[in-house]
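Asks: got a structure for you, letters missing:
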């Protein structure tokens, strides 16, 4: 098998990663259905390799149909290290609250409702991100830990995510999926981004994954 | 007896993995296709004994390809190999006449088990 | 030496629960703050002692940790607390229970399978108290305890948007103290302040929990009245006017009597922005001043009428 230097990912490695993502997200969606009692559909993930500084433009291009958005971000740590962005069109919080049946009488006050919506976005975001990242890590025999998710924009007009997440010159792998809850008008994008820092481990892990079949 | 195996999957890696899980010493003849439509055509021209079918593929997905294959030959032995392991999906493909669902990642053991089931099914049909 | 003694010395709660939701570990911090000893709770369902935890949300999160191996975070903002634990005496007045920020995560056995989950409990009561104080300083007027103008304006935007969305009525009420300058000049600023406080408490006692009362300017106050038509707002304004006119403020042994003028306006298809609504209420207030003070004037679509 060919192995390029640590800051490059070969076409073959990209193909393996694509298949690893397919398998992981399939498992994630089955487990998610079990956890949140809603049929979660994850589109075939798209794996792209690009310069870190191009990341905000790449994401902006994908969400051009959304007028206003909520973005949740969450870091994950370990040998597999990176950041996840979950982008919902605005007013998804309310729909999620309704879907999970959380909106009882005690939340009628507008203030509390806003908090509930935000917290539900965070909770569902945490579970979605945990499922996707966790399954990829699991398939590659790694364990990751997570920072608490943060809402960086809430129902706000589109702004770009920060350019400074990674070293601008470094490369990043961006794994994208579109998720939706069947029967509900709720969907959005999940971007899983891992930087050059993880490439060394990732390359070894991908080859080790293939070695199982040698 | 299984002689010809068709593997339909858009991912070359997935096809490679599946092939590696099949014992090489049995003299199987392999055919591959990168999407459902190509798979359907290969099915018609090569008439494989067993078809491994992925579900999410461009051009024509595995569900549709499975339906078309079953229209050509109701006895076709199709094993769906997929990462989509939602109960709903499993029901759907079983209803369409798939022999079984093989969960990804596949292993030598699960593939061997699937081939055994395929052999039994083929013997039943031919008897 | 066993490092596990740290678990009993650390200033945070640590709980381990297995797949059947039975408690497998309960550290000393949890013993002290819950009053439940480790012996009492070990190998029993967590719900036996904490029935409040048996909610869809908590169960969903536990399930996600077992199934997906992810972490879950129970923020204080929504949950206030997971475990109803006693809070230190100095905070008792403000909080029923200790405010907590909790984290939940997986514990794996030698072969990597998740067998248990841990919950780490952090006491954030003090932080929350400072946060609330800060929020209060930012949103309230120090003298009267009414909201400040900035808060009122942001709140009015929200409430008007809500009223529009659900097609509900909304009114605002502007209040100004008559001849307040004279009070200050005659009795001094201390007495002026006392008058402001008194008027503030009269208004507070007349309005509902869902209304917002703010000090708008020097001697000018404003009320947002959601779910209220101007007709009902006028009745409230009258009650406030009468209440204040009956009140005698005693300052430096001098009895002071003041009256107020009030302007009322309700949102309509034309009066559809916070600025416009405030302007119309202000116009009505001006009219009340002009026509003799100590009265209520309501702005009515086209013409201002008393």
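Replies: Received, thanks. Every value quoted in this text rests on a predicted model; they were computed, and no experiment measured them.
Asks: so which helix or strand takes in residue A:135?
Replies: In this assignment (DSSP states H and E), residue A:135 forms part of helix A:110-139.
Asks: buried set for that helix?
Replies: By neighbour count with 16 or more other Cβ atoms under 10 Å in any protein chain shown, helix A:110-139 contains the buried residues A:114, A:116-139. Where you see a C-beta, it was placed from the backbone N, CA and C, and this is true even at glycine.
Asks: out of those, which are close to chain B?
Replies: The residues of those that also fall near chain B, by Cβ under 8 Å from any Cβ of the partner chain, are residue A:139.
Asks: do whichever helix or strand comes after the helix holding residue A:135 and chain C come into contact?
Replies: Next helix or strand after helix A:110-139 toward the C-terminus (DSSP H and E): strand A:145-146. Yes - interface with chain C: strand A:145-146 contributes A:145, A:146 (Cβ under 8 Å from any Cβ).
Asks: helices along the chain, start to end?
Replies: If you meant another chain, say so; for now it's chain A. Counting by DSSP state H, one finds helices in chain A at the ranges A:11-36, A:55-62, A:92-100, A:110-139, A:199-211.
Asks: actually, chain C is the one I wanted.
Replies: Assigned by DSSP H, chain C shows helices spanning C:5-9, C:28-34, C:38-41, C:46-49, C:56-68, C:76-79, C:125-139, C:149-166, C:180-187, C:189-206, C:230-246, C:274-290.
Asks: which among these is found nearest to chain B?
Replies: helix C:56-68 (13.2 Å; Cβ to the nearest Cβ).
Asks: mean confidence for the closest one?
Replies: For helix C:56-68, mean pLDDT is 91.
Asks: for it, name the packing helices and strands.
Replies: helix A:11-36, helix A:92-100, helix A:110-139, strand C:72-74, strand C:100-108, strand C:114-123 (3 or more Cβ pairs under 8 Å, 6 or more residues apart in numbering or on different chains; DSSP states H and E).
Asks: show me the contact partners of the last one.
Replies: In other words, strand C:114-123. Contacts with strand C:114-123, where a contact means Cβ atoms under 8 Å, 6 or more residues apart in numbering or on different chains, come from C:11-19, C:24-25, C:29-30, C:33, C:62, C:65-66, C:69, C:82-83, C:85, C:98-109.
Asks: and those residues, which of them are buried?
Replies: The neighbour-count criterion (16+ other Cβ under 10 Å) marks C:12-18, C:24-25, C:29-30, C:33, C:62, C:65-66, C:69, C:82-83, C:85, C:98-106 among these as buried.
Asks: turn the helices of chain A into a markdown table, columns for mean pLDDT.
Replies: What follows is the helices of chain A, written out as a markdown table (pLDDT from 0 to 100):
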| stretch | mean pLDDT |
| --- | --- |
| helix A:11-36 | 90 |
| helix A:55-62 | 85 |
| helix A:92-100 | 84 |
| helix A:110-139 | 84 |
| helix A:199-211 | 92 |
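Asks: for the residue most central in space within chain B, give me its contacts.
Replies: Central residue of chain B (Cα atoms, centre = their mean): residue B:52, 1.6 Å from the mean position. Taking Cβ under 8 Å, 6+ apart as the criterion, residue B:52 is in contact with B:5, B:6, B:7, B:8, B:9, B:18, B:79, B:81, B:102.
Asks: so for the helix or strand harbouring the third one, what gets flagged as buried?
Replies: So the one you mean is residue B:7. Under the criterion of DSSP H and E, residue B:7 resides in strand B:4-8. Buried residues in strand B:4-8, counted by 16+ other Cβ under 10 Å: B:5, B:6, B:7, B:8.
Asks: let me see the ranges of the helices in chain B.
Replies: B:12-21, B:36-46, B:62-72, B:87-95, B:108-126.
Asks: got the contact list for the strand holding residue B:7?
Replies: Counting by Cβ under 8 Å, 6+ apart, B:15, B:18-19, B:22, B:28-36, B:38-39, B:42-43, B:46-54, B:57, B:62, B:65 sit against strand B:4-8.
Asks: what pairs with that strand, parallel or antiparallel?
Replies: If you go by DSSP bridges, strand B:4-8 pairs up with strand B:29-33 (parallel), strand B:50-53 (parallel).
Asks: who does the closest residue to residue C:27 other than its chain neighbours bridge with?
Replies: Excluding its sequence neighbours, the residue lying closest to residue C:27 (Cβ to Cβ, 6 or more residues apart in numbering or on different chains) is residue C:14, at 4.2 Å. With DSSP bridges applied, residue C:14 shows beta-bridge pairing to residue C:120.
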